[in-house]
Structures are given as structure tokens and as C-alpha cells.
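K.L.:
give the three-dimensional model of this entry:
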Amino acid sequence: MIKVVFFDIDNTLLSFSGYVKEAMKVGFAQFGLKEYTEDMYSVFERINNSLWTQIEQGALSYNELLKIRWNMIFKELNISFDGEVFEKHFKERLFSSAVPEPHAMEILEYLSKGYVLCAASNGPYEQQLNRLKVGKMQDYFTRIFISSKIGAAKPRKQFFDYCFKDLRESLFPDLSPDETIIIGDSVSSDIAGGKAYGLKTCLYQPQPAEGPENCCADYVVSDLSDIKLIL
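P.N.:
Okay, the predicted model is just below:
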């Protein structure tokens, strides 16, 4: 029987992609850069995902990402501007960004009545904590596990070791991974990490993916409200 539900934050509970597009549009205008076009987001997404994959693998630190991310993006977009200056703008806007994914509040309200909810996110601690607070989601969570606080990122075993040690010491002394489920949008982070540790897994995938990459998840939902059919 499931006792604990782990929730990813970015692009699971709070829209990260929507925020990025708005931050690029506003920032490009503010700094007098090229006019933002939708195709530019795909460049951000590809480079950002590649850097976060390196973080997940332990090959890159978050602070290193902050120094190189926008310089790499600007180089590909043929924009001559200091990427670290733009990173500051990007982070400042992200700190208070809290656009919920469709039905996010509904599913948190529903699950909170029967399960212990825990946030499980890769990212900077204060930023993610503030975004949950601004989005009025923080109070739904009994625990908030963030990689920068833990010192390890999903999908690494150390991230889940920390979570389960905390939960066993405070709530469920004999908690087993198969009594928990992780819900998230990332196959490489949420699903791969959860499966390797023995958790049940649910992939949130609003748009169908090409190829069989989602086949490893126990469940796949295109709408968060569909989680009611699982839990």
C-alpha cells in the first residue's frame, strides 16, 4: 500500500517551460538583444537539458551550470552578450515564478487527504522553496527534499538515501520503497532514479513522446487529474 508520494516540481507541479519563454522574451527586450522567437526556446531546452543531465550524473555542479548556461545558448543563437549577466536576470525572475501546471492544485488537495506528500526536486533550495510558497503549494508537503540541500541530485542513490533516512526517522520506521511513488516529468531523473531505488513511478507527460523512452514507468499520465485513477 502506498504511504508516501514524492512530487517533482519543475514541469510537474509548476510550469518551468512557460516561465522560461516569458523570461527570454522580457529579458531579450530589456537588454536590447534579438527579438525573442519560439524557435529559440528549443535551443534553451536542448542545452539546459544536456547540462542538467551532467548534473544528474555528477559530472557538473549547479554553480558551474550558472556560469556557462547562457553563454552556450547565446553562442548558438549568435547573440553577443554576457551570459552570466543574463543568468542573474533569469534566476531573479525564476525565484518568484509559480505558474501551476493544469490541475496541480486539485491533485495536491486530493492526495493530501490520504497520503504523506513530499517534494523531490533538483535545483537551488531557497528558490524552489519560495516558488512552492508563492504558488500556495508549500503547506501540502510534509517534507521538501531539494538536491542543493541534500548534496546529491536525482537520479543518484544518495538523493533517495537521504529522503528515506529522514522519513524513517520521523514518520515511518519501516518504510519500504515499494510503499512510495514518485511523480515527475523526467525519464532520466524521476523515473530512472525512482525505479532504481525500488519506488513505484508515474511519468507526467502532457505531450506524447517519440520513441519508447517512457516504457520504464509504472504509470504514464497526460493530465495530473488522471493520478486519481492510480491513487
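K.L.:
what's the longest helix along the chain in contact with?
P.N.:
Longest helix in the chain by number of residues (criterion: DSSP state H): helix 39-56. Defining contact as CB atoms under 8 Å, 6 or more residues apart in numbering, one finds that helix 39-56 is touched by 17, 20-21, 24, 60-62, 65, 68-69, 72-73, 76-77, 122, 153-156, 188-189. For every residue, glycine as well, the C-beta is placed using N, CA and C.
K.L.:
please apply the same query to stretch 216-231.
P.N.:
2, 5, 101-104, 106-107, 110-111, 114-115, 181, 183, 187, 191-192, 195, 200-208, 214.
K.L.:
sorry, back to before: among the contacts of helix 39-56, which are located in helices?
P.N.:
Where those overlap with helices, as defined by DSSP H, the overlap consists of 17, 20-21, 24, 62, 65, 68-69, 72-73, 76.
K.L.:
just the buried members of these?
P.N.:
Listed as buried from the ones in helices among the contacts of helix 39-56 are 20-21, 24, 65, 69, 72-73; burial here means 16 or more other CB atoms under 10 Å.
K.L.:
circling back to that earlier point, from the ones in helices among the contacts of helix 39-56, which is closest to L171?
P.N.:
Among these, Y62 lies closest to L171 (CB to CB), at 28.6 Å.
K.L.:
thought K34 was touching I79?
P.N.:
Yes: applying CB atoms under 8 Å as the test, K34 and I79 come out as touching, 5.9 Å apart.
K.L.:
so which of the two has more stuff around it?
P.N.:
Ranked by neighbour count (other CB atoms under 10 Å), K34 and I79 place I79 first, with 17 against 13.
K.L.:
residues in contact with that one?
P.N.:
The neighbours of I79, taking CB under 8 Å, 6+ apart as the test, are 33-34.
K.L.:
next: Q207.
P.N.:
Taking CB under 8 Å, 6+ apart as the contact definition, Q207 lies against S222.
K.L.:
now do the same end-to-end measure for stretch 162-182.
P.N.:
With CA to CA, to the nearest Å as the measure, stretch 162-182 spans 15 Å from end to end.
K.L.:
stretch 187-202 too?
P.N.:
Stretch 187-202 stretches 10 Å from its first residue to its last (CA to CA).
K.L.:
residues making contact with it?
P.N.:
Counting by CB under 8 Å, 6+ apart, residues outside stretch 187-202 touching it are 2, 6, 8, 12, 52-53, 56, 120, 122, 153-157, 159-160, 176-178, 180-184, 203, 213-214, 216-221, 227, 230.
K.L.:
please enumerate the strands of this protein.
P.N.:
If you assign secondary structure with DSSP state E, the strands in the chain sit at 4-7, 116-121, 143-146, 180-184, 200-204, 219-221.
K.L.:
nearest to E169, of those?
P.N.:
When these are compared by CB to CB, strand 143-146 sits nearest E169, at 11.2 Å.
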